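Here is my input, please return the structure:
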Amino acid sequence: MYNPTKPYKKEILRLIERTWKSPYVDVMPGLYPVIRKKFSYPEIHHTDGIGTKGIYHWQRRTFRHAVMDALAMNLNDLAMVGAIPYAFQNHIVLPKDDPLAIIEIVTALAHEARRRKIAMTGGETSIHEGADGLDISITVSGFLPASRKNMCRTGDVLIGLKSGGLHANGMTKVRSIFSGAWRRECTEPTVIYADLIMPLLARYDIHGMMHITGGAFTKLKDILGPHDAYIEHSKQLMPQKIFQDIRKHGISNDEMYSTFNCGIGYVLSVAPKTAYKILRRLPNAGSIGMVTAGSGIVRIRSAFDGAHVEL
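Next up is the predicted model:
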């Protein structure tokens, strides 16, 4: 039975308040926290959640992994424009009242927030009885210390960063293919590439970046402009077994590359000299292609059968 008084509220507030020691904001406690910023840069606000992957997380009680998925969906996207996150709010949805789950989720959120100097400035918990799984939706606020144009250039090398597997997109298709059965890959968390990208931005001129999530490699069209991209998997960035197994269920190349990351979770577009320097710093990355003059087409040599895919 749902207890609307939320008897765990004090413990949740204690966890949240521990994130308020921030180099970016002062937070004054009260009925609603009052935030005073320590900067005067332009800002970006971004919201995302974990989607139907939350069904698996609820079934397996992999709550910390669910938190990492929710953070990755937001922080990785903000990294594409070089935004530094300074605060976030969350909305946790559960199919039944489960104080232990709520405390575990908020504890993990607070831990990751402190690690990244992000203040938790608010949140809500909703109980949706009859739902199949949980959801963690987060709105992250970030500031832009410098304006940057996220766009590929002719002659750029494309660098792929290895994915951890499925990440948090294409899960509805996965559930359909495997009839809802759990596999270890279904609850492995999304890689938080922002932890790698932000230090790189401070040192190198990265022309374009894309987080390969929903829509998969079609998302590269957003940063191609009047260019085409040609992609071929490097040896260290081949699709993991889960993607090979999905492919065996009759999924076409076009659908594989427009639904799943197929082993590549993030793409950087940089000048050749810069590519060499970055690849020396990133062990789980490889050169996967190039950018040419064109009209916004993504061409991929399929790692599954060698066929040419055009998106």
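
residue contacts, the spatially closest residue to residue 189 that is not a sequence neighbour?
Among residues not flanking residue 189 along the chain, residue 68 sits closest, at 3.7 Å (C-beta to C-beta, 6 or more residues apart in numbering). From N, CA and C alone the C-beta is placed, and that goes for glycine too. Counting by C-beta atoms under 8 Å, 6 or more residues apart in numbering, residue 68 touches 108, 112, 189, 190, 192.

for the record, mean pLDDT for the host helix or strand of residue 68?
Assessed by DSSP states H and E, residue 68 sits inside helix 63-79. For helix 63-79, the mean pLDDT works out to 98.

quick one: which of the contacts of residue 68 has the most company?
In terms of neighbours by other C-beta atoms under 10 Å, the contacts of residue 68 top out with residue 190 at 27 neighbours.

Grab the nearest non-local neighbour of that residue.
Closest to residue 190 by C-beta to C-beta, 6+ apart is residue 72, at 3.7 Å.

where do the helices sit along the stretch 1-150 of the chain?
For the stretch 1-150 of the chain, applying DSSP state H, counting those that start in this stretch gives helices covering 9-17, 53-60, 63-79, 99-115.

Specify the stretch among those that is closest to residue 220.
Counting by C-beta to C-beta, residue 220 lies closest to helix 63-79 out of the helices of the stretch 1-150 of the chain; the figure is 14.3 Å.

The closest one vs helix 99-115, what angle?
Per axes from the mean of the first three to the mean of the last three C-alpha atoms, to 10 degrees, the angle that helix 63-79 makes with helix 99-115 is 40 degrees.

Let me know the angle separating helix 63-79 from helix 53-60.
160 degrees.

care to break the protein down by domain?
For the chain, automatic domain parsing gives the domain ranges 9-143, 157-310.

would you list the ones you listed in JSON lines and tack on distance to residue 3?
What follows is the domains of the chain, written out as JSON lines (distance: least, C-beta to C-beta, whole Å):
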{"stretch": "domain 9-143", "distance to residue 3": "6"}
{"stretch": "domain 157-310", "distance to residue 3": "28"}
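
Can you verify my assumption that residue 73 contacts residue 192?
No. With contact defined as C-beta atoms under 8 Å, residue 73 does not count as touching residue 192 (9.7 Å).

and residue 300, what are its phi and psi?
Residue 300 adopts backbone torsions of phi -130, psi 130, taken as degrees, to the nearest 10.

show me what contacts the nearest residue to residue 147 once chain neighbours are set aside?
Nearest in space to residue 147, with sequence neighbours left out and distances taken as C-beta to C-beta, 6+ apart, is residue 42 at 7.6 Å. Counting by C-beta under 8 Å, 6+ apart, residue 42 touches 143, 144, 147.
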